[in-house]
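Asks: 3D, please:
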Amino acid sequence: MKIEFTPDEWKIFTFQLVSLTGFVSLNIGLNFYNSWALKKDGPGPHFDFPVFYTMTHMVATVVGASVLMSFRKPSTGWPSLTQFREYSWGLVLIAACSTANLACNNVSLTLISLFLNQVIKATGPLPTMIFSFLLEQKTYSLMAVVSCVLIVVGTILSIPLSGKGPSTSVVGVVVVIISTFAASLKPVIMSLVFKGLKEKPRLEPTVVLFYDAFISFWLMLFYWLLSWERAATVEYIGQHPASSAGIVAGGASMAFVFNLSCYFFIMYTSALTSTVASNGTKVVNIVISALIASALHDPRNICGVVLVCISIMAYAYAGHLAKKNPPKPLNFSFLSKDMESGAKVSEKTPLAPAPESSAQCCVIS
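Replies: Residues are numbered from 1 along each chain as shown. Next up is the predicted model:
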């Protein structure tokens, strides 16, 4: 049976294919590029200035968000000083979470392997679940809870304990845990912020992305100017101007294109497709980084990686089921009256993209 497409269908299919390819390849590529560029040891350029490097990605994100807004003008209008004043405290809180998440994530890449970074970051749904339960009183299905716990168990099993595996710097592990908690808290903060602004129009994701990156840039710049990294960065750039420009341009360009591909990927595909692709790339990142880091020499590590990968997909599936049949709220005395009376509580999968209410940042977290 021959399948024929109309010109419009071919156009949509082409957009889907190109955006999917860009989303997946850049999601994976940017993670490995960041690790290669920032690593203190190894064959890379040793550009271990994570805050400065992340600042350049914030610039790329602002430019990317501006390009996206030019494709489709936000219903609330372009970002402006007047608009910022109306949402200022909420946007600053969101940017603070982004700053802690992205800066700490890239700091960890200078100290530990990408594999270890990825398996620890994979535990993000559990703290998000805890934060949303405590702050928003959301509930989750048993499958979702068990999946999150198994991700943590798998992560613990994945961490090499012998000298044969990748680096397990204690400082690097602590920093990536801070990054994970900041990333987990961000969607909850976003939800609380916009719930408290019901009388004002809801900002579109591209607008939030613009403010998020713009404010984060200035927060990072403030830290960078006062930290040891400033002098070291200036010295390195002075000694290696060409390679420094290439490293920064390469990362920023990938970040810029990723923003575009991510936006169109979500626009031209279903929520299920974007969820599967997003979680699939997490699995691929973990597996490839484990092979590169030679982290699979121990049966315990292998079991841990397999458990993490399976649990990630199980959690994504649990989130998909919860959209159709949200779990009933728990009847605890300290919960709100609305929940005790059986009000419908929605479950939002922390791992899944939420284009309606959140913005994707170019620096993969």
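Asks: wait, what's in contact with Met129?
Replies: Neighbouring residues of Met129 by Cβ atoms under 8 Å, 6 or more residues apart in numbering: 140, 144-145, 148, 350. Quick note: C-beta positions are derived from backbone N, CA and C, even for glycine.
Asks: 6 Å instead?
Replies: 140, 148 (Cβ atoms under 6 Å, 6 or more residues apart in numbering).
Asks: need the pLDDT of it.
Replies: At Met129, the predicted lDDT confidence score is 87.
Asks: chain center to stretch 40-51: distance?
Replies: Distance of stretch 40-51 from the chain centroid (Cα atoms, centre = their mean, to the nearest Å) equals 22 Å.
Asks: actually stretch 282-297, not the one I wrote
Replies: 19 Å.
Asks: what lies in contact with it?
Replies: 28, 31, 113-115, 118-119, 160, 164-166, 301-302, 305, 309, 312.
Asks: and those, which is closest to Phe131?
Replies: Distance to Phe131 across those (Cβ to Cβ) is lowest for Ile312, with 19.0 Å.
Asks: secondary structure element for Ile112?
Replies: According to DSSP states H and E, Ile112 maps onto no helix or strand at all.
Asks: look up phi and psi at it.
Replies: Dihedral angles of Ile112 (phi, psi; degrees, to the nearest 10) stand at phi -130, psi 170.
Asks: can you check the pLDDT for it?
Replies: Ile112 is given a pLDDT of 88.
Asks: that one against Gly172, yeah?
Replies: Yes - between Ile112 and Gly172 a contact is recorded at 3.6 Å, counting by Cβ atoms under 6 Å.
Asks: please identify which of those two sits among more neighbours.
Replies: Of the pair Ile112 and Gly172, Ile112 is the one with more neighbours under other Cβ atoms under 10 Å, namely 25 against 20.
Asks: and the gap between the more buried one and Ser289?
Replies: Counting by Cβ to Cβ, to the nearest Å, the gap from Ile112 to Ser289 is 11 Å.
Asks: just Val248 next, same as before
Replies: Per Cβ to Cβ, Val248 is found 23 Å from Ser289.
Asks: where does this protein dip in pLDDT?
Replies: 1-5, 161-168, 196-198, 270-276, 295-296, 326-365 (pLDDT under 70).
Asks: please enumerate the helices of it.
Replies: 7-38, 50-71, 81-109, 114-121, 125-136, 142-158, 170-195, 205-226, 229-239, 241-268, 271-292, 299-324, 337-340 (DSSP state H).
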